[in-house]
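K.L.:
Okay, structure incoming, though there's no sequence with it:
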């Protein structure tokens, strides 16, 4: 199949801009609570809460006659990739890495989208897409280096960065799978049912992984306890509602409209949003390199989405 690169409308751009904003906060929150809860368990608790919150909107999807069960393997894979693996690996990466390093590694998303689309789904790679990827990645590097090449060269990679690289590749495959219409229209056209089916299977996967985290030796520096309290409770509510339900809903709709290759470029807005959040928290004013990075990333989006 070939990538037709649908036209990018303002509504689609909004749908694809909100997830990076929420995911930027997710990386910061994941780092803040890394001493309070094991990373895989955090992912399990997050999606369990998200499942409970979403269940009242589409409980019918779990009925025997809903049309889900003939396609359970597809939803099991979507749940494994999008729910069970991606954020679990991100939280695991944040045990040894920093939000800055994580966003740097995740900036390879457009390249992964192009490669996965080409190798696994037969999508074409155009010169515009490659140019857009280069512009977008340059914008991310401007943010992470703060406009100073020396700062970028000083960044050191740690084992957590390898986990994030794996997570990025998994997310690319997940996003391409969203473009396939293999499930019944009743589920596909009901966003809550479509997401709930994925989360249901994903909770099973993440639950198994969480059990292994507690039972198997060799967990390394990850905590073997849960420190319950308001900080963890607030973090769980945020990561379950914002980066999980709202972001996944918007991302799924955006990918359906624009395609995964174009959507990937919006993911590179996360480090820009993270820099803005840090500036607000630390009371620092935005710098000129923030504006330059934003222009480069948006330029990559525009170039890649043009027909």
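P.N.:
Thanks, I have the structure now. Predicted model, so just to flag it, every value in this text is computed and none were measured.

K.L.:
I'd guessed residue 48 sits against residue 203; true?
P.N.:
Yes - at 5.6 Å, residue 48 and residue 203 qualify as touching, with contact defined as Cβ atoms under 8 Å. Where you see a C-beta, it was placed from the backbone N, CA and C, and this is true even at glycine.

K.L.:
which of these two has more neighbours?
P.N.:
residue 203 (23 against 18; other Cβ atoms under 10 Å).

K.L.:
Which secondary structure element is home to that one?
P.N.:
Using DSSP states H and E, residue 203 falls within helix 191-215.

K.L.:
Tell me the buried residues in that helix?
P.N.:
Neighbour-count burial for helix 191-215, counted by 16 or more other Cβ atoms under 10 Å, picks out 191-207, 209-210, 213.

K.L.:
That one - contacts with which helices or strands?
P.N.:
Secondary-structure packing of helix 191-215 (3 or more Cβ pairs under 8 Å, 6 or more residues apart in numbering; DSSP states H and E): helix 39-54, helix 72-78, helix 185-188, helix 247-258.

K.L.:
what about those, which gets the closest to residue 123?
P.N.:
helix 247-258 (12.9 Å; Cβ to Cβ).

K.L.:
what angle sits between that closest one and helix 39-54?
P.N.:
Angle, helix 247-258 to helix 39-54, by axes from the mean of the first three to the mean of the last three Cα atoms, to 10 degrees: 80 degrees.

K.L.:
chain center to helix 247-258: distance?
P.N.:
Averaging C-alpha positions (Cα atoms, centre = their mean, to the nearest Å) puts helix 247-258 12 Å from its chain's average.

K.L.:
can you check stretch 187-194 too?
P.N.:
20 Å.

K.L.:
Tell me the spacing between residue 137 and residue 288.
P.N.:
Separation of residue 137 from residue 288 (Cβ to Cβ, to the nearest Å): 20 Å.

K.L.:
Residue 77 - how many residues pack around it?
P.N.:
17.

K.L.:
so it makes contact with residue 177?
P.N.:
Yes - with contact defined as Cβ under 8 Å, residue 77 reaches residue 177; the gap is 7.1 Å.

K.L.:
re earlier: give me the more crowded residue out of residue 137 and residue 288.
P.N.:
residue 137 (21 against 8).

K.L.:
isn't that one right up against residue 106?
P.N.:
No - counting by Cβ under 8 Å, residue 106 is not a contact partner of residue 137; they are 10.9 Å apart.

K.L.:
Check which element follows the helix or strand encompassing residue 272 along the chain.
P.N.:
Following DSSP H and E, one finds residue 272 within helix 270-282. Going down the chain from helix 270-282, the next helix or strand is helix 288-305, by DSSP H and E.

K.L.:
out of the helices and strands packed on helix 191-215, which comes closest to residue 226?
P.N.:
helix 39-54 (6.8 Å).

K.L.:
what mean pLDDT does the closest one have?
P.N.:
In this model, helix 39-54 has an average pLDDT of 93.

K.L.:
Give me the helices and strands touching it, please.
P.N.:
Here helix 39-54 touches helix 86-93, helix 191-215, helix 230-240, going by 3+ Cβ pairs under 8 Å, 6+ apart.

K.L.:
Great, nothing more from me.
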